[in-house]
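> model the following, please.
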Amino acid sequence: MNTARGGAVPHILHLHSTFAPGGKELRTVQLINAFGKKARHTIVSAEPERLGAAERIARTIDVRLQPDFPSLKGRPTPGRLQKLAKAMRGFDLVCTYNWGAMDAVMAHTLFKDLHNLPPLIHHEDGFDESELKKLKTSRTWYRRIALGKSAGLVVPSERLEEIALVDWQQPLGRVRRIPNGIDTKAFAMRPKKDALRLIKRPGEYWVGTLAGLRTIKNLPRLVRAFTDLPENWQLVILGEGEARDAILAEADQLQINHRVHLPGAVAAPERVVGLFDIFALSSDSEQFPLSVVEAMAAGLPVVAPAVGDIAGMVSQPNAEFIAPPGDEEELRMALVQLAVSKELRKEVGEANRAKAVAEFDAAKMIATYRRLYSSAMKIDL
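Numbering: from 1, shown residues only. Modelled structure (predicted):
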């Protein structure tokens, strides 16, 4: 193995579309904490004001946050791409994330040899609303070219792996599918009843979800699907985002606002997910949602549309509660069926827990990323 460019400890540059707490950002934090003092890190966000995920990085780790770095946003002119390329010099590895960092990927491919740039690994976790129904041709072509000299392209789901190989025409050896993983032991612990500002009362049951409150999550659909559940059932939506008012408006219109609760985002999902009795999603698009793995690890049944890899993620007993994409009636029926049977919820939840431990534990994911990054840098992490 080689030695690091700037000293004994390798220096990794992370270029993110945003570093607000979300799936890809929290996975980055998870890996940074796991690598510990074996690596230094610099984190840049295309949205400099959205850096909340950094609060979860262990204080003992050497991290620089939002240094003087060219903006990741702008027109991909040769001059701007040249500036981005120069800013990557001196690192041992560049990690880029999602479409918001794709100009940096293009800059790396165009100027890698000229500036003797370090290896780059791109991570793609999904799409925004603009590519929900169909991939944009312009972005597809841009990705094909930009990824030309990357050392790896990491995706968490089978659907994204297919897109990378077929639509983006990436060679088989470059694409790596690494499912997201979590600390399954942490989610097995029973949470305190007052872990949220909202108190779970005796005789009360909760349908819960964790999600960024964005349009693509279509949470008003979940509010509508929840309506037929008995009065002692509550809907608890954990997260923040611009769709909050639309969710509350739907609850008002259906006259169930007393049963729909939005306590905000939570810093430690493992302390609250176990309060739910059913976990539910209603998204128009997902890839490999970490929240589903967290719910499974907590021993919960999952009700969700069959988008992304969800149908293959859950256990076999849970399969019948995964609805066709966009089918609100099937989503409603799945919630009702699980709500009426505590024994069924327990059976499905236990099967989900077993599968999460066997397939989605963080240790396996971290070991795979450690091997990938070490191989790219030729430095042991």
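> quick one: the helices in the chain?
Secondary structure of the chain (DSSP state H): helices at 23-35, 78-87, 102-115, 137-146, 158-166, 184-188, 219-226, 244-253, 290-297, 310-313, 328-339, 342-359, 362-377.
> so what's the closest residue to E25 other than its chain neighbours up against?
Nearest non-adjacent residue to E25, counting by CB to CB, 6 or more residues apart in numbering: A53, 3.8 Å away. C-beta here means a position set from N, CA and C on the backbone, and glycine is covered the same way. Neighbouring residues of A53 by CB atoms under 8 Å, 6 or more residues apart in numbering: F19, A20, P21, G22, E25, L26, T28, V29.
> any idea which of the residues you listed is least confident?
Among the contacts of A53, G22 has the lowest pLDDT, at 78.
> for G239, see how far away that one is.
Relative to G239, G22 is positioned 10 Å away (CB to CB, to the nearest Å).
> and V348, what is it in contact with?
P301, S315, P317, N318, F321, L338.
> I figured the fourth one hits E350, correct?
Yep, that's N318 we're talking about. No: N318 lies out of contact with E350 (CB atoms under 8 Å); the separation is 10.5 Å.
> if we can go back for a sec, quick one: which of the contacts of V348 sit in strands?
Using DSSP state E, no member of those falls within strands.
> circling back to that earlier point, overlap in contacts, G22 and G239.
When CB under 8 Å, 6+ apart defines a contact, the residues bordering G22 and G239 alike are G212.
> for N318 and E350, indicate the residue with more neighbours.
N318 (26 against 14; other CB atoms under 10 Å).
> and the residue lying closest to that one once chain neighbours are set aside, how close does it get to D380?
Among residues not flanking N318 along the chain, V348 sits closest, at 5.0 Å (CB to CB, 6+ apart). V348 sits 42 Å away from D380, going by CB to CB.
> likewise H122?
Counting by CB to CB, the gap from H122 to D380 is 22 Å.
> equivalent analysis for P156, please.
Counting by CB to CB - P156 and D380 are separated by 25 Å.
> of those two, which one has the most company?
The neighbour comparison of P156 against D380 (other CB under 10 Å) goes to P156, with 26 against 13.
> how about the more buried one: what's its closest non-neighbour residue?
Of all residues not flanking P156 in the chain, F288 sits nearest, at 3.9 Å (CB to CB, 6+ apart).
> check contacts around that neighbour.
Contact partners of F288, counting by CB under 8 Å, 6+ apart, are D125, P156, S157, P179, N180, G308, D309, M313.
> isn't I12 up against I43?
No: contact criterion CB under 8 Å: I12 and I43 do not qualify, at 9.3 Å.
> tabulate the CA atom coordinates of the lowest-mean-pLDDT helix or strand in the chain in PDB.
The helix or strand of the chain with the lowest confidence, counting by mean pLDDT, DSSP states H and E, is helix 184-188 at a mean of 90. Provided in PDB are the C-alpha atoms of helix 184-188 (Å, rounded to 0.1, in the frame of the first residue of the first chain):
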ATOM      1  CA  THR A 184     -29.300  -3.300  14.200                       C
ATOM      2  CA  LYS A 185     -28.500  -3.800  18.000                       C
ATOM      3  CA  ALA A 186     -29.300  -0.200  18.700                       C
ATOM      4  CA  PHE A 187     -32.700  -0.400  17.100                       C
ATOM      5  CA  ALA A 188     -33.600  -3.600  19.100                       C
END
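> distance between that helix and the chain's centre?
Centre-to-centre, helix 184-188 and its host chain are 18 Å apart (CA atoms, centre = their mean, to the nearest Å).
> what residues of it count as buried?
By 16 or more other CB atoms under 10 Å, the buried positions in helix 184-188 come out as T184, A186, F187.
> swap in stretch 164-178?
Those would be A164, L165, W168, Q170, R174, V175, R176, R177, I178, for stretch 164-178 by 16+ other CB under 10 Å.
> quick one: it to chain centroid distance?
On CA atoms, centre = their mean, the centre of stretch 164-178 falls 19 Å from the chain's centre.
> just the endpoints, please. Distance across that stretch?
End-to-end distance for stretch 164-178, by CA to CA, to the nearest Å: 13 Å.
> and if you look at stretch 309-320?
Where stretch 309-320 begins and where it ends lie 15 Å apart, using CA to CA.
> same question, stretch 299-308
Chord length of stretch 299-308, first to last residue, is 21 Å (CA to CA).
> ditto for stretch 261-274
One end of stretch 261-274 to the other measures 17 Å (CA to CA).
> contact partners for I12?
A39, R40, H41, T42, F91, D92, L93, V94, C95, Y373.
> repeat the analysis, applying 6 Å as the threshold.
By CB atoms under 6 Å, 6 or more residues apart in numbering, the residues touching I12 are A39, H41, L93.
> and the residue lying closest to it once chain neighbours are set aside, how far from T368?
Of all residues not flanking I12 in the chain, L93 sits nearest, at 4.8 Å (CB to CB, 6+ apart). Distance, L93 to T368, by CB to CB: 16 Å.
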